[in-house]
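S.K.: the following block contains a protein sequence and its predicted model.
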Amino acid sequence: SQTIHQWPATLVQPVGSPLSLECTVEGTSNPNLYWYRQAAGRGLQLLFYSVGIGQISSEVPQNLSASRPQDRQFILSSKKLLLSDSGFYLCAWSRLGGERSPLHFGNGTRLTVT
Amino acid sequence: QKEVEQDPGPLSVPEGAIVSLNCTYSNSAFQYFMWYRQYSRKGPELLMYTYSSGNKEDGRFTAQVDKSSKYISLFIRDSQPSDSATYLCAPLAAGGTSYGKLTFGQGTILTVHP
């Protein structure tokens, strides 16, 4: 069966510090990968998605970037965090193609920027 | 107008009640409709997945889609305290360029009290 791992579960970082969140998927090959952010009391906002190694599409211009160095690894980064980057970050995967495949989420990283 | 509108609630019901959760959407390209359940501090988990108009039943849960009015519903029968969570609707457009990118409603917070 497929599993998705995200870490860390909780993170508190000062403004201006760098960020690296990692996500890995097991039990499947060539997945589509996604980063979503969920602000308090709001829905999920798609930040990035990837259909293959090194292929990243950004949905929202912002202070964050994403990379996919391996087939089942997805990384969310920032060089300098802003207060507005606080939120609940969720990684998800879907099957190759993805047009008819539901997303499966990890358990998220709660980021607080102080 | 948002692509997906969902009443955030909160909704509080007694145990055993029938719960009705609803979403409206504006994009006629949406063909697949998903409901996710999200417990506090966890990632969303797929609950129901339907295609086009009609009903789908799974245990105590029934998903209903009316494409003519762009209205989707989730019914929970014999609600239990363990159903207390946030419920997110997520329609998906068909076609290769969608890449499985889901558009989420804001989510409805449900509490089932004993």
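M.R.: Thanks, I have it.

S.K.: which residues in the chain form strands?
M.R.: No chain specified, so I'll use chain A. Applying DSSP state E to chain A gives strands spanning A:3-7, A:10-13, A:19-26, A:32-38, A:44-52, A:55-58, A:65-70, A:73-78, A:87-94, A:104-105, A:109-113.

S.K.: chain B, not that one
M.R.: B:4-6, B:11-14, B:19-25, B:30-38, B:45-51, B:54-58, B:61-66, B:71-76, B:85-93, B:108-113.

S.K.: quick one: buried residues of the first one?
M.R.: Meaning strand B:4-6. Residues of strand B:4-6 classed as buried: B:4, B:6 (neighbour count, 16 or more other CB atoms under 10 Å in any protein chain shown). Using the backbone N, CA and C atoms, a C-beta is placed for each residue, glycine as well.

S.K.: who does that strand pair up with?
M.R.: Note on strand B:4-6: by DSSP bridges, its sheet partners are strand B:19-25 (antiparallel).

S.K.: residues contacting the partner strand, please?
M.R.: B:3-7, B:11, B:13, B:35, B:70-76, B:79, B:83, B:87, B:89, B:91, B:103, B:105, B:108, B:110, B:112 (CB atoms under 8 Å, 6 or more residues apart in numbering or on different chains).

S.K.: got a quick PyMOL command for the buried subset of the residues you listed?
M.R.: Applying 16+ other CB under 10 Å to those leaves a buried subset, and the PyMOL line that selects it is:
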select buried, chain B and resi 4+6+13+35+70+72+73+74+75+76+79+83+87+89+91+103+105+108+110+112
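
S.K.: test my guess that B:Ala93 contacts B:Ser26.
M.R.: No. Counting by CB atoms under 8 Å, B:Ala93 stays clear of B:Ser26, with 11.9 Å between them.

S.K.: neighbour count: those two, which is higher?
M.R.: B:Ala93 (19 against 12; other CB atoms under 10 Å in any protein chain shown).

S.K.: mean confidence score for stretch B:76-88?
M.R.: Throughout stretch B:76-88, pLDDT has a mean value of 97.

S.K.: can you give me the end-to-end distance of it?
M.R.: 14 Å (CA to CA, to the nearest Å).

S.K.: tell me how far it is from the chain's mean position?
M.R.: 11 Å (CA atoms, centre = their mean, to the nearest Å).

S.K.: residue contacts, B:Gln80?
M.R.: B:15, B:112.

S.K.: how near is it to A:Trp35?
M.R.: 33 Å (CB to CB, to the nearest Å).

S.K.: quick check: A:Thr10 touching A:Thr109?
M.R.: Yes. Look at A:Thr10 against A:Thr109 with CB under 8 Å: they come within range, at 7.1 Å.

S.K.: quick one, which of these two is more surrounded?
M.R.: Higher neighbour count among A:Thr10 and A:Thr109: A:Thr109, with 21 against 11, using other CB under 10 Å.

S.K.: now the more buried one. Nearest residue, chain neighbours left out?
M.R.: Spatial nearest neighbour of A:Thr109, excluding adjacent residues (CB to CB, 6 or more residues apart in numbering or on different chains): A:Tyr89 at 4.8 Å.
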